[in-house]
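Student: Coordinates for the following, if possible.
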Amino acid sequence: MWKVATRTLGSLQAIICYPAEKPATHLVVLCHGFGAPGDDLVGLGDLIAERSDRLAISPLLIFPEAPIDLADEGLAGGRAWWRLNMTQLLMMAESGGFDELRDQQPPGMESARAALEELVIVARESYGLENSPLVLAGFSQGAMLSVDLALRGAIEPPQGLVIYSGALLCETAWRQASGRLAGTRVFQSHGTQDMILPIETGRWLHELIQDKAIDARWFSFTGPHTIPMQGIDGLMDLLMAIGPEKA
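Tutor: Okay, here's the model as predicted:
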């Protein structure tokens, strides 16, 4: 049996899913993408819980709500970790010039990273998970934030990093910090028909990290900007690989 609660952790509101009758074995933080509501990924909790019970692991799942309300941009209920220049993105999509993104550091990324880092610290203290394996995961903009915290955070790097439809940003800074992934396992998925962040943007990121992490797995699938069912399987395989005894 799993419980669901809503809490404020640091400056961020979050939905927490956790096993009711046994201690948590992992801390997993899953960050939604740009324009999605704060509970966008919570539906994954049931899938993860079902698989976790079969695998005899008990991750505590945290789904934080991004701090920026996009109602003023016509996206009622939509949230963002940082604001995007939509005109620029549309021009990139038309021209195929997404390489312009590679070394961009979006305004607001630093404060988003600090808020997510604080959430991790507070969650670990609140739930007694200071010595448990940490997995940072995210979709789209949330994936890039997870990567940024893994590479440039003040906390220890996570044992696991899951990147759903993510892209390479901040190339110079991320490349300089990529050695921090020496103790991290990575799973990355991307759709071949992704029209929002084309698959090559994900491949650029994979090329940056593949030689730095203990294990960096890449899964491409025929589909759009989404999380495939195999993406959940990849997360579960990663959790099994970094069991508490390996933390």
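Student: where exactly do the helices run in this structure?
Tutor: Defined through DSSP state H, the helices belonging to the chain, from first to last, are 44-55, 86-95, 109-127, 141-152, 171-177, 199-209, 229-241.
Student: didn't residue 147 look like it was pressed against residue 162?
Tutor: No. Using Cβ atoms under 8 Å, residue 147 makes no contact with residue 162, being 10.1 Å away. Every C-beta, even on glycine, is put in place using the N, C-alpha and C of the backbone.
Student: With neighbour numbers in mind, choose between these two.
Tutor: Residue environment comparison for residue 147 versus residue 162 gives the larger neighbour count to residue 162, 29 against 26, counting by other Cβ atoms under 10 Å.
Student: dump the residue contacts of the most centrally placed residue in the chain.
Tutor: Among the residues of the chain, the one closest to the centroid is residue 138, at 2.1 Å (Cα atoms, centre = their mean). In this structure, residue 138 makes contact with 30, 31, 32, 33, 144, 145, 146, 162, 163, 164, 166, judged by Cβ atoms under 8 Å, 6 or more residues apart in numbering.
Student: what's the neighbour count on the closest residue to it other than its chain neighbours?
Tutor: If you skip the residues right next to it in sequence, residue 138 has residue 31 as its closest partner in space, 3.6 Å away by Cβ to Cβ, 6 or more residues apart in numbering. By other Cβ under 10 Å, the residues close to residue 31 number 30.
Student: OK, contacts around residue 31?
Tutor: Contacts here follow Cβ under 8 Å, 6+ apart; on that basis residue 31 touches 41, 64, 66, 81, 116, 136-139, 141-143, 145-146.
Student: Out of those residues, who's the most crowded?
Tutor: Note: the member of the contacts of residue 31 with the most neighbours is residue 142, at 32 neighbours, neighbours being other Cβ under 10 Å.
Student: Average pLDDT for stretch 152-170, rounded please.
Tutor: Mean pLDDT, taken over the full extent of stretch 152-170, equals 97.
Student: again with stretch 129-148
Tutor: Mean per-residue pLDDT for stretch 129-148: 97.
Student: circling back: report pLDDT for the residue nearest to residue 138.
Tutor: Value listed for residue 31 in the pLDDT field: 98.
Student: Only the buried residues of stretch 162-181, if you could.
Tutor: Taking 16 or more other Cβ atoms under 10 Å as the basis for neighbour counts, the residues of stretch 162-181 that come out buried are 162-171, 174, 177-178, 180-181.
Student: out of the residues you listed, which are inside strands?
Tutor: The subset of the buried residues of stretch 162-181 located in strands under the criterion DSSP state E comprises 162, 163, 164.
Student: Nearest to residue 224 among the residues you listed?
Tutor: When those are ranked by distance to residue 224 (Cβ to Cβ), residue 164 comes first, at 12.2 Å.
Student: Leaving out sequence neighbours, find the closest residue to that closest one.
Tutor: Ranked by Cβ to Cβ, 6+ apart and with sequence neighbours excluded, the top spatial neighbour of residue 164 is residue 139, at 4.3 Å.
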